[in-house]
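A.B. asks: Got a sequence here, can you model it:
(2 chains)
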There are 2 protein chains.
Amino acid sequence: MQHIDTLIHAGWIIPVEPKDTVYEQYAIAIHEEKIVAILPSNEAVKHFLPSITHRLTGHLLIPGLINTHTHAAMTLLRGFADDLHLEEWLNDRIWPAEKKHVDQQFVADGTKLAMAEMLRGGTTCFNDMYFFPDIAAEVAVQAGMRATIGLIVIDFPSAWASNTEEYLAKGKQVYDNYYEHPLIKMALAPHAPYSVSDDSLKAVQEMATNFDLPIHIHLHETESEIENAVKQDGKRPLARLKKLNTLSNKLIGVHAAHLNDEEIDLLVEKNVNIVHCPESNLKLASGFCPVAKLLKAGVNVALGTDGAASNDDLDMLGEMRTAALLGKMVSKDASSVPASTALQMATLNGAKALGIDDVTGSLKIGKSADIVALNMSDIETQPIYNLISQLVYVVSRDKVTDVWIAGKHILKSRTLTSLDIHDIKVKTHSWHKKIYADLKEE
Amino acid sequence: MQHIDTLIHAGWIIPVEPKDTVYEQYAIAIHEEKIVAILPSNEAVKHFLPSITHRLTGHLLIPGLINTHTHAAMTLLRGFADDLHLEEWLNDRIWPAEKKHVDQQFVADGTKLAMAEMLRGGTTCFNDMYFFPDIAAEVAVQAGMRATIGLIVIDFPSAWASNTEEYLAKGKQVYDNYYEHPLIKMALAPHAPYSVSDDSLKAVQEMATNFDLPIHIHLHETESEIENAVKQDGKRPLARLKKLNTLSNKLIGVHAAHLNDEEIDLLVEKNVNIVHCPESNLKLASGFCPVAKLLKAGVNVALGTDGAASNDDLDMLGEMRTAALLGKMVSKDASSVPASTALQMATLNGAKALGIDDVTGSLKIGKSADIVALNMSDIETQPIYNLISQLVYVVSRDKVTDVWIAGKHILKSRTLTSLDIHDIKVKTHSWHKKIYADLKEE
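C.D. replies: Okay, the predicted model is just below:
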């Protein structure tokens, strides 16, 4: 009998790897933060002596969801500016509010609010792009949440930095502080082709190469972004990035709501990762990402919620469902983006995009124990003919009961163990009061 | 001081009528099933002596949601056939399963399962189309749920009836049994233009006129449906219905995912009601209903989930959100289908389509007390800048705590008072076992 930290028995397990697989009456054995076995429950009890045993017979275990595009701190601006065009939304509402309010405390409080919501919804890892990445990294570590922290670069000054040099220098400091942390990875995060100059992009590329970091960037989100680029540079943003040698398997391009067939070929050729944010694209009327085409061509497509100011939630189960539904209609093929593919996009493909698929993204021996338990016994999820499709098309985030990250029990029967929810609410209300005062002045 | 049955104090009330209105710290007074007053809480306590008082200070009250297109009993087939094309889904999976299994008990058990889900999600009224409408009416009455029961007509035999004459004669019996019931209305429900002949449609129209009933029909759901109609009849289905004099404000046309501009003009001219089912349309890749165009033209557009076999839930809050998000993108205008319009589609427009907007669809003095309470204090719904947009873009159905229909407390702190949830689960599992056996034989 082998001594282990934790044994979780479950009614079902969907490991994501291998694809289209469901284990019934299985258990996951966890030791020293990692998955050491996945086997039938009745065998598990013969092999392991766990310090802690969980019996979740009415539950389904899945790998932790990976939200591959967030602006976590912006959760404080949830619902601040709805039903507006993207340019108006960004230029007239979001950027002025950010200019006025974003500081270290805003990022600390907003990121905690976002993590509380994400954890309660089964997300164990997020890929963030925002100001004060040092603070985002700090609170993610406190919360025990896995994150890739974007070292932001943008061609305008902010409370975080005043020019490209300073953005990169401060980014370097964050890198130095966290590059050895097991939960924290970093990415260079130039905001978008339209907000970052060639020189800045070259400097970003250089630093990314030197430290072997991914590059996380908004890409081809709207038609007007592309039209303006053509007017200004004589080429579409993707062509410009190609010229700057930015296209590679280390690039994480977010949105891709406007792509021609040549551009899809280019993404395939260069192994670029795409993050699809269906709800943000719909809400801002940005465009329809050709997900089925990208998947068929072999592009790695992950999923993200985008910031709560354009979604308005950080609900990866909901995003996965929207991606599956919308992908069918956009491709005019009800069999495209099937449930198991949508699930893979929300888990393993996110891990691949972030370069951490050796650590997380599926339930596999040797990977980190990043696990989500979902209660499948409520009336809303009955009957169950096909568990994977039930998960994607029916299960909502309130069914998430427990979350483990690197074996730590972070959500326990819907209660957060590493974040003080009362304190988060108090701070959120206080920010709301401050920010709402501006709205009323208008 | 006036004696009343119930007084509900709430943090906020969105009455839907008048539009774009939010009352803070208000109360709703209920007496003899109806709303008798909506007024500030501090005034309410001076005017009324209620038998029951509820203090829901962290809650929002809205009118009961109206699911304007369901096949409730099909909830037993939730997830039975996913990721398939509509024709394959219907001809190879759904219809054979229905032929084998649908009987009185299936409809009783399936409709109860559907109602349990709908009530827990804030839906107080549904517009149903299925076999054995007598059973659907019976169980809706037992559950205390408001419903418009479709008296189905289809050109093939079923366990319910074998030909048009019998469909209509049995429908007439249902009408006779329920036409005076306060919660139950009826509609003629010819399945679709492609499944109901001219003669049958004429007989349907005659009965609808005689008894002053609405007509509930699937309409322009897919391109192939329209193409086949043109081949067969030389005209598109809407043109055929026009010729048969079926177009009027008593017609409830479901889907309308393919409409040209002339057809939109025709819908306006004839005051036809349209039910938009965005998630079903996406999942079956049926088409994009031009919602923003329809609304702008003045068409009454309501919302429905369709059956759980093509959605796969009966979640009107989710459907409202999808309608708002998708409507923006389809019209390429992020300001179209704003939150307050989406809410109206999910409530008042449904009541109008069903001809019961004098009874329900908004919180208004004199209307039935069909009320839903939502808990707004969880972390997922913080902060709140604009309550109506928060409701549409953020609030999920697990936040529904209480539901009243005609003043009766049908859902009490998430517990159903009129349906036995344990019994529903047991029966659902037993149907699942039976139906699943077929799937495994394949």
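
A.B. asks: Look at A:Ile62 and tell me its secondary structure.
C.D. replies: Secondary structure, DSSP: H, G, I helix; E, B strand; the rest coil: A:Ile62 is strand.

A.B. asks: what about it, how many neighbours?
C.D. replies: 28 (other CB atoms under 10 Å in any protein chain shown). C-betas here are computed from N, CA, C, even on glycine.

A.B. asks: what does A:Lys34 give?
C.D. replies: When neighbours are counted by other CB under 10 Å, A:Lys34 comes out with 17.

A.B. asks: A:Leu374 contacts A:Val395, correct?
C.D. replies: Yes. Under the criterion of CB atoms under 8 Å, A:Leu374 makes contact with A:Val395 at 5.8 Å.

A.B. asks: can you list residues touching both of the two?
C.D. replies: Residues touching both A:Leu374 and A:Val395 by CB atoms under 8 Å, 6 or more residues apart in numbering or on different chains: A:Leu60.

A.B. asks: nearest residue to A:Gln2 other than its sequence neighbours?
C.D. replies: A:Phe48 (5.4 Å; CB to CB, 6 or more residues apart in numbering or on different chains).

A.B. asks: what about the one you found, distance to chain B?
C.D. replies: 31 Å (CB to the nearest CB, to the nearest Å).

A.B. asks: doesn't A:Ile8 make contact with that residue?
C.D. replies: No. Applying CB under 8 Å, one finds A:Phe48 not in contact with A:Ile8, separated by 11.0 Å.

A.B. asks: the more surrounded of these two?
C.D. replies: A:Ile8 (26 against 22).

A.B. asks: If you count contacts, what does the host helix or strand of the more buried one end up packed against?
C.D. replies: Assigned by DSSP states H and E, A:Ile8 belongs to strand A:2-13. Packing contacts for strand A:2-13, counted by 3 or more CB pairs under 8 Å, 6 or more residues apart in numbering or on different chains; DSSP states H and E, involve strand A:23-31, helix A:41-47, strand A:48-63, strand A:371-375.

A.B. asks: mind checking the backbone torsions on the nearest residue to A:Val400 once chain neighbours are set aside?
C.D. replies: Excluding the flanking residues, the one nearest A:Val400 by CB to CB, 6+ apart is A:Gly122, at 4.3 Å. Reported as degrees, to the nearest 10, the phi and psi values for A:Gly122 are phi 90, psi 10.

A.B. asks: which residues sit in contact with the residue in the stretch 101-250 of chain A that chain B sits nearest to?
C.D. replies: Nearest residue of the stretch 101-250 of chain A to chain B (CB to the nearest CB) works out as A:Ala116 at 5.0 Å. The neighbourhood of A:Ala116, defined by CB under 8 Å, 6+ apart, consists of A:416, A:419, A:421, A:424, B:379.

A.B. asks: in what helix or strand does it lie?
C.D. replies: Per DSSP H and E: helix A:104-120 holds A:Ala116.

A.B. asks: of all the helices and strands packed on strand A:2-13, which lies closest to A:Glu227?
C.D. replies: strand A:48-63 (39.8 Å; CB to CB).

A.B. asks: quick one: the very next helix or strand once past the closest one near chain B?
C.D. replies: Sequence-wise, the next helix or strand downstream of strand A:48-63 (DSSP H and E) is strand A:65-70. No. Applying CB under 8 Å from any CB of the partner chain, one finds strand A:65-70 separated from chain B by no less than 14.4 Å.

A.B. asks: Please apply the same query to stretch A:291-298.
C.D. replies: No. Stretch A:291-298 is not in contact with chain B by CB under 8 Å from any CB; minimum separation 10.1 Å.

A.B. asks: I'd like the distance from that stretch to the chain centre, please.
C.D. replies: 20 Å (CA atoms, centre = their mean, to the nearest Å).

A.B. asks: Now tell me what touches that stretch from outside.
C.D. replies: Under CB under 8 Å, 6+ apart, the answer for stretch A:291-298 is A:256, A:259, A:264-265, A:267-268, A:274, A:276, A:301, A:323, A:326-328, A:330-331, A:333, A:336-337, A:341.

A.B. asks: Narrow these to those that are buried.
C.D. replies: A:256, A:259, A:264, A:267, A:274, A:276, A:301, A:323, A:326-328, A:330-331, A:336-337, A:341 (16 or more other CB atoms under 10 Å in any protein chain shown).

A.B. asks: among the residues you listed, which are in helices?
C.D. replies: Among the buried ones among the contacts of stretch A:291-298, the ones falling in helices (DSSP state H) are A:264, A:267, A:323, A:326-328, A:330, A:341.

A.B. asks: farthest-separated two in those residues?
C.D. replies: Longest span within those, CB to CB: A:Leu267 and A:Lys328, 21.3 Å.

A.B. asks: How is A:Lys202 assigned, secondary-structure-wise?
C.D. replies: A:Lys202 - assigned by three-state DSSP - is helix.

A.B. asks: Look up phi and psi at the residue nearest to A:Phe131 when sequence neighbours are not counted.
C.D. replies: Closest residue to A:Phe131 apart from its sequence neighbours, by CB to CB, 6+ apart: A:Trp160 at 4.0 Å. Backbone torsions for A:Trp160, taken as degrees, to the nearest 10, come to phi -80, psi -40.

A.B. asks: can you count the residues close to A:Trp160?
C.D. replies: 21.

A.B. asks: so who does A:Val139 touch?
C.D. replies: So A:Val139 contacts A:108, A:111-112, A:115 (CB under 8 Å, 6+ apart).

A.B. asks: List the buried residues of the helix or strand harbouring A:Asp134.
C.D. replies: Taking DSSP H and E as the definition, A:Asp134 sits inside helix A:133-143. Applying a neighbour-count criterion of 16+ other CB under 10 Å, one finds A:133-141, A:143 buried in helix A:133-143.

A.B. asks: Residues of the stretch 101-250 of chain A that sit close to chain B?
C.D. replies: Close to chain B, as judged by CB under 8 Å from any CB, the stretch 101-250 of chain A has residues A:113, A:116-117, A:120-121.

A.B. asks: Let's see that with 6 Å instead.
C.D. replies: A:116-117 (CB under 6 Å from any CB of the partner chain).

A.B. asks: how about the strands in the stretch 101-250 of chain A?
C.D. replies: Assigned by DSSP state E, counting those that start in this stretch, the stretch 101-250 of chain A shows strands spanning A:123-130, A:146-153, A:184-190, A:215-219.

A.B. asks: gap between A:Lys46 and A:Leu7?
C.D. replies: Per CB to CB, to the nearest Å, A:Lys46 is found 12 Å from A:Leu7.

A.B. asks: I meant A:Gln173, not that one.
C.D. replies: 42 Å.

A.B. asks: of these two, who's got more company?
C.D. replies: Between A:Gln173 and A:Leu7, A:Leu7 has the larger neighbour count (other CB under 10 Å), namely 24 against 13.

A.B. asks: Look up how far chain B lies from the more buried one.
C.D. replies: Taking CB to the nearest CB, one finds A:Leu7 at 28 Å from chain B.

A.B. asks: Just give the nearest non-adjacent residue to that residue, would you?
C.D. replies: A:Pro50 (3.7 Å).
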